[in-house]
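Q: predicted model follows, preceded by the sequence.
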Amino acid sequence: MRMDIGKASQQALSSALLEGLARFRAAGTGGSLAHGENLFSYCALAKERLIAIELPHPILGVVVSGAKEVWRGMNGSALCAGSLFVLPAKTKMDILNLPDASHGFYQSLILEVPDASVLLEASVPSTLANRRRAAVEPLQVELTPHLVDAVIHAASAIADGPAQSSVRRSRLTELLALLHGDPAARPMFDVSITGRVLALIASDLSRDWRAPEVARMIGLSESTMRRRLAEEGISFAKLLRRERMLAARHLMAQRESAQAAAIAVGYASRAHFAKRFRAAFGSNPSTLRHSDLMLNG
């Protein structure tokens, strides 16, 4: 009897989730449709099988129409309309998307959260922290009234545009905090060492970051941090340089001068900055700046 009540409660919450996300229901066009930053719908007009896909980041999704099957080896999970799910990153999966008979298409609403600083902010202490990790975590998140509201509010805030950036961050943080205790959501909080270092150095790229200081600030010894970064395929120096160059290129694309961009990302020497920029992008900062001005009038 209790199981029946629990099932009925989840069904009611699933219906409320779908109703709250009605504004995102697609008109039946195949492919991806962007709704806002890292928020998009994915639609399939016929049965679709995806083999051995591997995501770069974990995603949070809602099946809006149709059904979804996810296979990790011999372990399969079936998700129906109204299911809230998390797909892990860097895990090979076979996925089957099945259109709904009445609507004629499959649709899921997908949220990517690549910003590790947001993840870390939401990583509150959890009773799951000391439990042994299951060999294969569940994919479907158990719904609660607060979680349903948080998903709807976060999706709406993200879709409302750049003017609501502070609201977006607040809604997303609230959502992640609510998800933190669910076993299915664990992949969203498995932030890599690369992600933890990025979250820290990205807060102030002009700062003279040194490996011992960064290691201490993320709670590791320098040797452990360097070893784990190497396991993830990058060194501290390369990671810092890459992020600085990407940020500098973005600043120049926003019409900042090369000198201002260099200072903003921690380079006092213009010659040193230009050398690093050429190594990263194959052209001088001045060349990129001129090209950007020509394109933008």
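A: Sure, I can see it. Residues are numbered from 1 along each chain as shown.

Q: buried residues in the host helix or strand of residue 17?
A: Using DSSP states H and E, residue 17 sits in helix 2-20. By neighbour count on 16 or more other CB atoms under 10 Å, the buried set for helix 2-20 is 10, 13-14, 16-18, 20. For glycine as for every other residue, the C-beta is placed from the backbone atoms N, C-alpha and C.

Q: C-alpha coordinates for it, PDB please?
A: The C-alpha trace of helix 2-20 is given here as PDB (Å, rounded to 0.1, in the frame of the first residue of the first chain):
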ATOM      1  CA  ARG A   2       2.800   2.400   0.900                       C
ATOM      2  CA  MET A   3       4.500   1.600  -2.400                       C
ATOM      3  CA  ASP A   4       1.300   2.400  -4.300                       C
ATOM      4  CA  ILE A   5       1.000   5.800  -2.400                       C
ATOM      5  CA  GLY A   6       4.700   6.600  -3.200                       C
ATOM      6  CA  LYS A   7       4.200   5.700  -6.900                       C
ATOM      7  CA  ALA A   8       1.100   7.800  -7.100                       C
ATOM      8  CA  SER A   9       2.900  10.700  -5.400                       C
ATOM      9  CA  GLN A  10       5.800  10.500  -8.000                       C
ATOM     10  CA  GLN A  11       3.300  10.400 -10.800                       C
ATOM     11  CA  ALA A  12       1.600  13.500  -9.500                       C
ATOM     12  CA  LEU A  13       4.900  15.300  -9.200                       C
ATOM     13  CA  SER A  14       5.900  14.200 -12.700                       C
ATOM     14  CA  SER A  15       2.700  15.700 -14.000                       C
ATOM     15  CA  ALA A  16       3.300  19.000 -12.100                       C
ATOM     16  CA  LEU A  17       6.900  19.100 -13.500                       C
ATOM     17  CA  LEU A  18       5.600  18.700 -17.100                       C
ATOM     18  CA  GLU A  19       2.900  21.300 -16.600                       C
ATOM     19  CA  GLY A  20       5.500  23.700 -15.200                       C
END
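
Q: who does the helix or strand following it pair up with?
A: The element immediately downstream of helix 2-20 (helix or strand, assigned by DSSP H and E) is strand 31-36. Partner strands for strand 31-36, per DSSP bridges, with pairing direction: strand 39-44 (antiparallel).

Q: what mean pLDDT does the partner strand get?
A: Mean pLDDT, strand 39-44: 94.

Q: and the contacts of it?
A: With CB atoms under 8 Å, 6 or more residues apart in numbering as the test, strand 39-44 has contacts from 24, 26, 28-35, 64, 66, 97, 99, 105-112, 155, 158-159.

Q: please pick the buried ones from those.
A: Buried by 16+ other CB under 10 Å: 24, 26, 35, 64, 66, 97, 99, 105-112, 155, 158-159, out of these.

Q: tell me which entries of the residues you listed lie within strands.
A: In this view, the buried ones among the contacts of strand 39-44 that belong to strands under DSSP state E are 35, 64, 97, 106-112.

Q: adding distance to residue 193 and pLDDT as columns, could you present those in JSON lines?
A: Below are these laid out as JSON lines (distance: CB to CB, whole Å; pLDDT from 0 to 100):
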{"residue": "35", "distance to residue 193": "32", "pLDDT": "91"}
{"residue": "64", "distance to residue 193": "35", "pLDDT": "96"}
{"residue": "97", "distance to residue 193": "34", "pLDDT": "97"}
{"residue": "106", "distance to residue 193": "36", "pLDDT": "96"}
{"residue": "107", "distance to residue 193": "36", "pLDDT": "96"}
{"residue": "108", "distance to residue 193": "30", "pLDDT": "97"}
{"residue": "109", "distance to residue 193": "31", "pLDDT": "97"}
{"residue": "110", "distance to residue 193": "26", "pLDDT": "96"}
{"residue": "111", "distance to residue 193": "24", "pLDDT": "94"}
{"residue": "112", "distance to residue 193": "20", "pLDDT": "88"}
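
Q: now the strands for the chain?
A: Secondary structure of the chain (DSSP E): strands at 31-36, 39-44, 48-53, 59-65, 67-72, 75-80, 84-87, 93-98, 106-112.

Q: out of these, nearest to residue 212?
A: strand 106-112 (32.7 Å; CB to CB).
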